[in-house]
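K.L.:
predicted coordinates and the sequence they were generated for:
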Amino acid sequence: MPCENHRRLEIPVQPAPKQDAAQRVQNWDEAFLGYDLDTAVIEAQRCIHCPTSPCQEACPVGNDIPGALLLLERGDIIGAANVFRETSNLPEMCGRLCPQESLCEGSCVVGFAIRTADMGRQPPVAIGKLESFITDYQRRTDGFPLPELPPPSGKKAAIVGSGPASLAVAEQLTRMGHACTVFEAWPEPGGVLLYGIPNFKMRKEILAQKLDFLRSIGVEFVCNTWIGRDVTIDDLFARGYHAVFVGTGAGVGGQMRIPGEELAGVYQATEFLVRGNLEPHQLPQQMRQPLPLGRHVLVVGGGDTSMDCVRTAVRLGAKSVTCMYRRTEHEQKGREEERRHAREEGVQFQYLTAPTRFAGENGHVSAAECQRMRLGDPDESGRRRPEPVPGSEFTIPADTVVLAIGYSADDLLEETTPGLHTDKRSHLIRVRDDHSTSRRGLFAGGDNVNGADLVVTALADGRRAAEAIHHYLQSL
């Protein structure tokens, strides 16, 4: 095995082909073009199949990554895809959207291995790109594998929201014989996967095919229905649902609370993204007008959502696009890959800078008054706190401003569901280890429990919650 591992360590990383920046800003297609089979097999051969599998340990859903890659090496791509599907409901999406550099790839032994002098240190195995390749191949050739469903249990579950946690609950409970209805406030199902992820990161057809698969096994979707406003949780129980899962996410955008924030042309990130990326029929009536984009776009914030916004603005034709973040790049929580893509596409970054006021003309934003920052002592998150630098004020033109400064949970369910315990400061639903809440038969998971987090952590919550709901339904 040592000799075999040495041979594998000598295999150079296989770069994933992608569109040139000048080309991709002219379209909305995914930046990465994907591996071909021969290249994918070579990249999979870089895995040394370490006995402790730290990559699997680092995966929130526990994917058997070495097992899948070994099957790919042997030419059994469908078998490899099924290995991923044993633990993940959304492997095509996770392969594209997970921050692999801080999860599986960040723990990959190959990325830490000592190389020969001429080879140098190589990157970790491209696990995310291989996961996408493997499961895309299966989806395009065989489609999603249809499960053998057990006899109906006679139990019904209502699922609130249709993001990754909710889709996982719906699929898992259906596979266990329970009838599932998913309620979505937006005109189409998919939650953040549809309304928060631009096409250049994940093609909409992948989600559409997953939703078609879920419908084919019996999941029902009811859209344009806002639970807590149109229908309450108590109404769902009154309609005969035996259990309810809440996976509404954290969809309330953060506010800066500075002068000028109310001006026309200042948008929350979600509104900017959905109006810039989706067709009018996919949006609520009040958002169907074309997005009036200015020449100079300023996006405030440093996470992945801000990268989605700046890259959307470039594709919409803005003359200049600036991302402003009050800390340094070292403190940014988003993916380095996304920042690199943004820079390649012409986005400018202003670090250690924050707007203090938005100025306007005739009620429309026209400029941002800003101030330089410096890093002080760490705050409660462990990151150094930004502090204003006296006398460093300056102004930049900005006729479109997008606020991408974080998300919190909505308080609507909290207000309309008697007996539901939440964190009163953040409105996050409090759950036990089994994802049950203070209300009998009501479960929750994902960002409305954890705060804004990853697709894969919401997915992991959904799978655990489905097991708990199944046991609860069996006890009735």
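P.N.:
It's in. Given the structure is predicted, the values throughout are model-derived calculations rather than measurements.

K.L.:
which strands and helices sit next to the worst-scoring helix or strand of the chain on mean pLDDT?
P.N.:
Using mean pLDDT, DSSP states H and E, helix 2-9 stands out as the lowest-scoring helix or strand of the chain, at a mean of 78. Here helix 2-9 touches no other helix or strand, going by 3 or more CB pairs under 8 Å, 6 or more residues apart in numbering; DSSP states H and E. Just so you know, the C-beta spots here come from the backbone N, C-alpha and C atoms, and that holds for glycine as well.

K.L.:
in that helix, what's buried?
P.N.:
Residues of helix 2-9 classed as buried: 5, 8-9 (neighbour count, 16 or more other CB atoms under 10 Å).

K.L.:
wait, which of these is closest to Val125?
P.N.:
Nearest to Val125 among these, counting by CB to CB, is Arg8 at 9.5 Å.

K.L.:
can I get the helix or strand containing Ile206 in CSV, CA atoms only?
P.N.:
For Ile206, the host element (DSSP states H and E) is helix 204-216. Extracted C-alpha coordinates of helix 204-216, given in CSV (Å, rounded to 0.1, in the frame of the first residue of the first chain):
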residue,chain,number,x,y,z
LYS,A,204,-32.0,25.5,-12.6
GLU,A,205,-32.6,22.3,-14.6
ILE,A,206,-30.9,20.2,-11.8
LEU,A,207,-33.4,21.5,-9.2
ALA,A,208,-36.3,21.1,-11.6
GLN,A,209,-35.4,17.5,-12.3
LYS,A,210,-35.1,16.8,-8.6
LEU,A,211,-38.5,18.3,-7.9
ASP,A,212,-40.0,16.2,-10.8
PHE,A,213,-38.5,13.1,-9.1
LEU,A,214,-40.0,14.0,-5.8
ARG,A,215,-43.4,14.5,-7.4
SER,A,216,-43.0,11.1,-9.2
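
K.L.:
other residues contacting it?
P.N.:
90, 92-93, 136, 139, 143-144, 146, 167, 170-171, 174, 189-190, 193-194, 221 (CB atoms under 8 Å, 6 or more residues apart in numbering).

K.L.:
narrow those residues to those in strands?
P.N.:
Phe221 (DSSP state E).

K.L.:
kindly write the PyMOL command that selects the buried subset of the contacts of helix 204-216.
P.N.:
Buried members of the contacts of helix 204-216, defined by 16+ other CB under 10 Å, are picked up in PyMOL with:
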select buried, resi 90+92+93+136+139+144+167+170+171+174+189+190+193+194+221
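
K.L.:
among the contacts of helix 204-216, which ones are in helices?
P.N.:
Secondary structure assignment by DSSP state H places 92-93, 136, 139, 167, 170-171, 174, 193-194 of those in helices.

K.L.:
the longest strand in this structure is where?
P.N.:
Longest strand in the chain, counting by DSSP E: strand 364-378.

K.L.:
other SSEs contacting that strand?
P.N.:
Against strand 364-378 (3+ CB pairs under 8 Å, 6+ apart) you get strand 353-361, strand 384-388, strand 394-397, strand 400-403.

K.L.:
report the separation between Ala444 and Ala168.
P.N.:
13 Å (CB to CB, to the nearest Å).

K.L.:
contacting residues for Gln98?
P.N.:
That one is not Gln; residue 98 is Cys. By CB under 8 Å, 6+ apart, the residues touching Cys98 are 104, 128, 454-456.

K.L.:
now the helices and strands packed on strand 364-378 as JSON lines including mean neighbour count?
P.N.:
Shown next, in JSON lines, are those (neighbours: other CB atoms under 10 Å):
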{"stretch": "strand 353-361", "mean neighbour count": "18"}
{"stretch": "strand 384-388", "mean neighbour count": "16"}
{"stretch": "strand 394-397", "mean neighbour count": "14"}
{"stretch": "strand 400-403", "mean neighbour count": "26"}
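
K.L.:
Pro259 reaches Arg357, doesn't it?
P.N.:
Yes - judged on CB atoms under 8 Å, Pro259 makes contact with Arg357 at a distance of 4.5 Å.

K.L.:
before we move on, back to that, quick check: mean pLDDT of the helix holding Ile206?
P.N.:
Mean pLDDT, helix 204-216: 97.

K.L.:
what do you get for stretch 224-241?
P.N.:
For stretch 224-241, mean pLDDT is 97.

K.L.:
show me which residues of that stretch are buried.
P.N.:
227-228, 231-233, 236-237, 241.

K.L.:
what's the span of it, first residue to last?
P.N.:
In stretch 224-241, first residue to last residue: 19 Å (CA to CA, to the nearest Å).

K.L.:
work out the gap between that stretch and the centre of the chain.
P.N.:
26 Å (CA atoms, centre = their mean, to the nearest Å).

K.L.:
ok, residues contacting that stretch?
P.N.:
Residues contacting stretch 224-241 (CB under 8 Å, 6+ apart): 156-158, 160, 181, 183-187, 244, 246, 248, 410, 412-413, 415-418, 420, 439, 441-442.

K.L.:
any of those buried? List them.
P.N.:
With neighbours counted by 16+ other CB under 10 Å, the contacts of stretch 224-241 contain buried members at 156-158, 160, 181, 183-187, 244, 246, 248, 410, 412-413, 416-417, 420, 439, 441-442.

K.L.:
out of these, which are inside strands?
P.N.:
Those of these lying in strands (DSSP E): 156-158, 160, 181, 183, 244, 246, 442.

K.L.:
tell me the contacts of Pro54?
P.N.:
107-109.

K.L.:
now those: which count as buried?
P.N.:
Buried among the contacts of Pro54 (16+ other CB under 10 Å): 107-109.

K.L.:
need these in CSV (columns: secondary structure, pLDDT and distance to Ala313).
P.N.:
Converted to CSV, those look like this (DSSP: H, G, I helix; E, B strand; the rest coil; pLDDT from 0 to 100; distance: CB to CB, whole Å):
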residue, secondary structure, pLDDT, distance to Ala313
Ser107, helix, 94, 34
Cys108, coil, 94, 34
Val109, helix, 91, 39
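
K.L.:
could I get those residues as JSON lines with distance to Val25?
P.N.:
Output for those, formatted as JSON lines (distance: CB to CB, whole Å):
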{"residue": "Ser107", "distance to Val25": "34"}
{"residue": "Cys108", "distance to Val25": "31"}
{"residue": "Val109", "distance to Val25": "37"}
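
K.L.:
with the residues you listed in mind, which one is nearest to Ala342?
P.N.:
After measuring those against Ala342 - CB to CB - the closest member comes out as Cys108, at 25.2 Å.

K.L.:
helix or strand: which one has the closest residue to that closest one other than its chain neighbours?
P.N.:
Nearest residue to Cys108, sequence neighbours excluded (CB to CB, 6 or more residues apart in numbering): Pro124, at 3.4 Å. Element membership for Pro124, per DSSP H and E: none, as it lies in no helix or strand.
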